[in-house]
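Student: Quick check, what structure comes out for this input:
(one chain, ligands or ions: 1)
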Amino acid sequence: MEFIDLKSQYQATRDLVNARIQAVLDHGQYIMGPEVAELEAALAQYTGARHCITVSSGTEALLIALMALGVGRGDEVVTTPFTFIATAEVIVLLGATPVFVDVDPLTANLDAGQLDARITPRTRAVIPVSLYGQPADMDEINAIAARHGVAVIEDGAQSFGADYRGRKSGNLSTIGCTSFFPSKPLGCYGDGGALFTSDDELAGAMREIRLHGQSRRYVHTRIGVGGRMDTLQCAIVLAKLPLFEWELHQRRRAAATYDALLGTRVRRVARRADRSSVHAQYTVLVERREALQQALQAAGIPTAVHYPVPVHRQPAYAALSGGDPCPAACTLAGTVMSLPMGPYLTDEDIGAVCAALLDCVGEARTADAAILTA
Ligand SMILES: *Cc1c(COP(=O)(O)O)cnc(C)c1O
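Tutor: Now for the predicted structure:
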């Protein structure tokens with residue numbers, strides 16, 4: 001069993017992917033070829049955002065979003081410490097200071113109730129992360145940020161395709177970012193990412209920044225980066241799009257099977273009823289995690305930890321964050337464990353994972369296992 005099965009996915013989309021790659025090889029426009037604009041149009045339509053700008057990775061998307069907002073030295077950007085390092089890395093790269101707000105211990109997403117107190121006159125942006133594929137409390141976060149005149153960038157690297165109160169992840173705030181890293185819900189076969197916005201001015205700025213700040217050839221109106229997504233990777237995402245809704249359905253099927261088999265015996269990250277998750281990860285909360293992972297590995301079941309150390313406790317970041325304690329993030333970092341997940345995971349596989357896991361945890365808990373329905 002694989003933790004994320006990319007081979008089966010390729011087999012399911014093989015003919016379309018191969019044909020799309022061949023078409024690029026035939027026309028030879030490897031950089032900014034026609035598939036780039038085609039993908040941007042398709043993804044803008046999918047999310048409902050007016051603009052989509054493809055970029056070289058999810059990390060680059062976050063960097064370009066902050067650059068377009070003019071974030072730099074002396075500024076503060078509020079974010080969650082319980083995320084992949086890229087979310088905070090781009091803030092520091094621009095000379096700004098990350099300010100960490102703790103997460104909701106149930107959903108592992110930024111706790112909107114603690115946000116207002118952390119916004120200062122120097123705050124320029126808030127970056128909530130839609131962790132494990134489930135959007136954060138975007139309405140609450142947007143409302144608080146708007147009161148302070150601060151932009152919100154959704155880090156939707158794990159949540160492309162998720163719904164939140166009738167809207168799509170990526171189109172929930174000033175700017176949305178996503179990643180097409182191969183193991184993300186909508187992956188390419190290399191690096192790729194995208195920015196979404198309905199603000200025409202920001203869209204123009206982000207398009208220019210992606211191409212070295214060019215407003216036209218060799219006229220550099222602003223400082224930019226080499227941030228293009230190459231044509232082949234855009235073609236691969238285009239080839240995978242027709243199957244994407246089916247794949248999301250299969251991810252939900254897999255999550256529902258896990259839910260049913262684990263019942264109340266294993267705690268897990270809560271999911272809210274007013275939004276959907278695309279289940280980038282199916283994450284349980286366990287004790288004595290290392291021993292458990294070893295026992296499962298011995299039974300042929302791979303697991304992963306996202307993330308074992310929160311950003312504000314990482315050696316390179318600890319000194320930057322002003323000692324925010326963020327106890328919920330620390331507790332989660334010590335207890336989260338993700339199980340194999342993906343559209344091609346069979347019910348038999350899920351049965352085997354759950355049998356082994358329940359065997360290991362024994363007669364554990366009942367009451368506090370929870371899928372929230374409020
Ligand atoms: C994957 C990921 C990123 C970075 O995306 P890349 O395409 O790998 O650069 C950023 N934030 C989060 C939350 C991620 O999961």
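Student: List phi and psi for the closest residue in space to residue 162 that isn't next to it in sequence.
Tutor: Counting by CB to CB, 6 or more residues apart in numbering, residue 169 is the residue found nearest to residue 162 once chain neighbours are left out, at 4.2 Å. Placement of C-beta: from N, CA and C, glycine included. Main-chain dihedrals, residue 169, degrees, to the nearest 10: phi -50, psi 140.
Student: so who does residue 169 touch?
Tutor: 47, 130, 135, 154, 156, 159-163, 176, 178, 278 (CB atoms under 8 Å, 6 or more residues apart in numbering).
Student: ditto for residue 282
Tutor: 132, 254-255, 258, 268, 338-341.
Student: The ligand next: which of the residues you listed are close?
Tutor: With CB under 6 Å from any ligand atom as the criterion, those include none near the ligand.
Student: Inside helices: which ones of those residues?
Tutor: Judged by DSSP state H, helices contain the following of these: 254-255, 258.
Student: Now name the helix or strand holding residue 44.
Tutor: helix 34-47 (DSSP states H and E).
Student: cool, and residue 92?
Tutor: Applying DSSP H and E, one finds residue 92 within helix 86-93.
Student: returning to what we had before: buried stuff in the helix holding residue 44?
Tutor: 35-36, 39-40, 43-44, 46-47 (16 or more other CB atoms under 10 Å).
Student: With adjacent residues omitted, what lies nearest to the residue in the chain that the ligand sits nearest to?
Tutor: Minimum separation of the chain from the ligand (CB to the nearest ligand atom) falls at residue 58, amounting to 2.5 Å. Excluding its sequence neighbours, the residue lying closest to residue 58 (CB to CB, 6+ apart) is residue 179, at 2.6 Å.
Student: What ranges does the stretch 101-250 of the chain have for its helices?
Tutor: 138-147, 200-210, 231-262 (DSSP state H, counting those that start in this stretch).
Student: closest one to residue 54 among these?
Tutor: Among the helices of the stretch 101-250 of the chain, helix 231-262 comes nearest to residue 54, with 6.0 Å by CB to CB.
Student: one step back: I'd like the ones in helices among the contacts of residue 282 laid out as CSV, including neighbour count and pLDDT.
Tutor: Shown next, in CSV, are these (neighbours: other CB atoms under 10 Å; pLDDT from 0 to 100):
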residue, neighbour count, pLDDT
254, 23, 98
255, 21, 98
258, 23, 98
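Student: Which one of those residues is nearest to residue 51?
Tutor: residue 255 (31.3 Å).
Student: For that closest one, which residues are in contact?
Tutor: Applying CB under 8 Å, 6+ apart, the residues near residue 255 are 277, 279, 282, 341.
Student: Residue 54 - that's part of a helix, no?
Tutor: No. According to DSSP: H, G, I helix; E, B strand; the rest coil, residue 54 belongs to no helix; its state is strand.
Student: and the closest residue to residue 60 other than its chain neighbours, how many residues sit next to it?
Tutor: With CB to CB, 6+ apart as the criterion, residue 60 has its nearest non-adjacent residue at 4.6 Å, and that residue is residue 227. Applying other CB atoms under 10 Å, we find 23 residues neighbouring residue 227.
Student: doesn't residue 54 make contact with residue 227?
Tutor: No. Residue 227 sits out of contact with residue 54 when judged by CB atoms under 8 Å, with a separation of 9.3 Å.
Student: Provide a list of residues in contact with residue 179.
Tutor: Here residue 179 is in contact with 57-59, 61, 157-158, 192-193 (CB under 8 Å, 6+ apart).
Student: measure it to residue 119 for me?
Tutor: 27 Å (CB to CB, to the nearest Å).
Student: next one: residue 28
Tutor: To residue 119, residue 28 is 49 Å away according to CB to CB.
Student: didn't the residue of the chain closest to the ligand look like it was pressed against residue 178?
Tutor: Yes. Here residue 58 reaches residue 178: they are 6.3 Å apart, a contact under CB under 8 Å.
Student: Look at those two and report which has more neighbours.
Tutor: residue 178 (31 against 27).
Student: Would you confirm that that one contacts residue 172?
Tutor: No. Using CB under 8 Å, residue 178 makes no contact with residue 172, being 11.6 Å away.
Student: any common contacting residues for these two?
Tutor: residue 156.
Student: neighbours around residue 33, how many?
Tutor: 18.
Student: wait, what's in contact with it?
Tutor: Applying CB under 8 Å, 6+ apart, the residues contacting residue 33 are 24, 27, 231, 234.
Student: right, and the last one touches residue 38 too?
Tutor: Read that as residue 234. Yes. Residue 234 sits in contact with residue 38 when judged by CB under 8 Å, with a separation of 7.3 Å.
Student: For stretch 139-158, list every residue counted as buried.
Tutor: In stretch 139-158, counting by 16+ other CB under 10 Å, buried: 139-142, 144-145, 150-158.
Student: And stretch 89-105, by the same measure?
Tutor: Buried positions in stretch 89-105, judged by neighbour count with 16+ other CB under 10 Å: 89-91, 94, 96-104.
Student: restrict those residues to contacts with the ligand.
Tutor: Okay, of the buried residues of stretch 89-105, nothing touches the ligand (CB under 6 Å from any ligand atom).
Student: Out of those residues, which is nearest to residue 299?
Tutor: residue 103 (30.8 Å).
Student: if we can go back for a sec, can you add pLDDT, secondary structure and distance to residue 2 and give the contacts of residue 255 back as JSON lines?
Tutor: Output for the contacts of residue 255, formatted as JSON lines (pLDDT from 0 to 100; DSSP: H, G, I helix; E, B strand; the rest coil; distance: CB to CB, whole Å):
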{"residue": "277", "pLDDT": "98", "secondary structure": "coil", "distance to residue 2": "21"}
{"residue": "279", "pLDDT": "98", "secondary structure": "coil", "distance to residue 2": "16"}
{"residue": "282", "pLDDT": "98", "secondary structure": "strand", "distance to residue 2": "14"}
{"residue": "341", "pLDDT": "98", "secondary structure": "coil", "distance to residue 2": "10"}
